[in-house]
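# Quick check, what structure comes out for this input:
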Amino acid sequence: MNHQTMQAMRLHAPGQRLRQESVPVPQPGPGQLQLRIHACGVCRTDLHVVDGELPDPRLPVIPGHEIVGEITALGDGITGFTQGDMVGVPWLGWTCGDCEACSAGRENLCGNARFTGYTLDGGYAEYTVADARYCFPVSGYEPAEAAPLLCAGLIGYRSWRMAGGAEPRRLGIYGFGAAAHILAQVAISRGQKLYAFTRPGDEQAQAFARRLGAVWAGGSDDDPPEPLDAAILFAPVGSLVPRALKHVRPGGRVVSGGIHMSDIPSFPYRLLWEERSIHSVANLTRQDGTEFLALAPEVPVRTEVTRYPLERANEALSDLRDGRLTGAAVLIPPGAPA
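Residues are numbered from 1 along each chain as shown. Model prediction:
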């Protein structure tokens with residue numbers, strides 16, 4: 001594919017619209033796979049990159065880190081993959097493997113890490129290259145339906161594990177978008193009672209949550225009918241942290257699953273007292289990927305997606321920003337299999 005070009009949507013400056021451009025098809029280096037992209041999910045983290053809420057992206061950059069594609073070429077030193085395999089590429093795209101965090105099995109905290117669609121080119125394009133160490137085999141799903149599993153699913157799964165996994169009987173989820181609609185299915189399959197908090201007045205999202213099995217759904221300004229054992233925040237709204245603390249029982253845990261959040265307002269210590277705790281989730285590990293992508297078809301998780309042609313990436317981002325989506329948005333490059 002030397003000297004060939006592809007279509008890509010690129011960000012040149014935070015706050016600007018993505019530009020559709022013709023750029024060279026990337027070639028795989030040692031340890032890398034080249035993928036023909038079949039689908040790429042549109043994640044709220046992409047919004048944080050495009051809107052300038054995450055600092056120092058590599059510019060210009062191709063966003064997108066929920067990639068599902070077919071291997072079209074392999075760099076030197078690759079084992080375990082062959083051309084034609086379908087794989088997924090997540091947010092965490094490269095780690096050094098040598099630092100204290102990596103050596104301790106906490107590669108999600110690697111200080112030298114690189115991130116797909118942020119400091120590495122991502123999936124809003126026809127082709128990409130990715131570190132084979134951070135590519136996961138994908139099966140059992142059509143590409144567009146698999147794409148949201150690569151971040152919304154993985155981060156949701158890590159957040160759920162940090163909140164206690166299947167142990168909390170009453171689990172609250174704040175922000176009922178892509179991650180929540182995947183995690184809800186996992187939690188309910190494990191016998192948990194799910195309480196869904198949406199944007200105030202968003203009856204469509206509340207009906208969606210009930211359809212998935214939530215025992216209660218209301219606005220983020222509402223109180224649940226009983227105390228929660230744990231709560232997970234996917235909405236990037238700092239004022240929800242003290243609200244969630246108010247709603248969890250003594251000893252309960254509040255987990256923030258987002259990479260960015262507006263400032264958390266001051267709140268009385270009484271809300272944190274009685275051994276309540278707040279935790280954040282940072283990135284993911286390969287173990288998360290392996291575990292969740294095995295779990296998803298077992299549940300089975302079914303993703304609800306809205307497909308957009310690649311050239312309509314700006315529209316998909318706007319729909320996500322303004323809360324017009326139920327489930328997840330997914331971009332389909334030109335020529336990708338239907």
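# Walk me through the domains of the protein.
If you go by automatic domain parsing, the domain ranges for the chain are 5-148+304-332, 154-280.
# how about those, which one is nearest residue 292?
Counting by CB to CB, residue 292 lies closest to domain 154-280 out of those; the figure is 4.2 Å. Bear in mind the C-beta positions are built from the backbone N, C-alpha and C, glycine included.
# Verify the stated contact: residue 146 with residue 69.
No - between residue 146 and residue 69 there is no contact under CB atoms under 8 Å: 10.4 Å.
# residues shared between the contacts of these two?
Taking CB atoms under 8 Å, 6 or more residues apart in numbering as the criterion, residue 146 and residue 69 both touch residue 39.
# want to throw the domains of the chain into CSV with mean neighbour count?
Below are the domains of the chain laid out as CSV (neighbours: other CB atoms under 10 Å):
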stretch, mean neighbour count
domain 5-148+304-332, 20
domain 154-280, 19
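# Quick one: closest of the ones you listed to residue 295.
domain 154-280 (6.9 Å).
# Show the average pLDDT along the closest one.
Confidence over domain 154-280 (mean pLDDT, whole number) is 96.
# Run the chain-centre distance for it.
Centre-to-centre, domain 154-280 and its host chain are 16 Å apart (CA atoms, centre = their mean, to the nearest Å).
# got it, and stretch 105-121?
Stretch 105-121 sits 14 Å away from the centroid of its parent chain (CA atoms, centre = their mean).
# And for stretch 39-56?
For stretch 39-56, the distance to the chain centre is 10 Å (CA atoms, centre = their mean).
# Start and end of it, how far apart?
One end of stretch 39-56 to the other measures 26 Å (CA to CA, to the nearest Å).
# swap in stretch 265-279?
Where stretch 265-279 begins and where it ends lie 16 Å apart, using CA to CA.
# just stretch 152-170 next, same as before
One end of stretch 152-170 to the other measures 21 Å (CA to CA).
# next one: stretch 132-151
OK, stretch 132-151 end separation, CA to CA: 17 Å.
# Tell me the gap between it and the middle of its chain.
In this view, stretch 132-151 has its centroid 12 Å away from the chain centroid, taken as CA atoms, centre = their mean.
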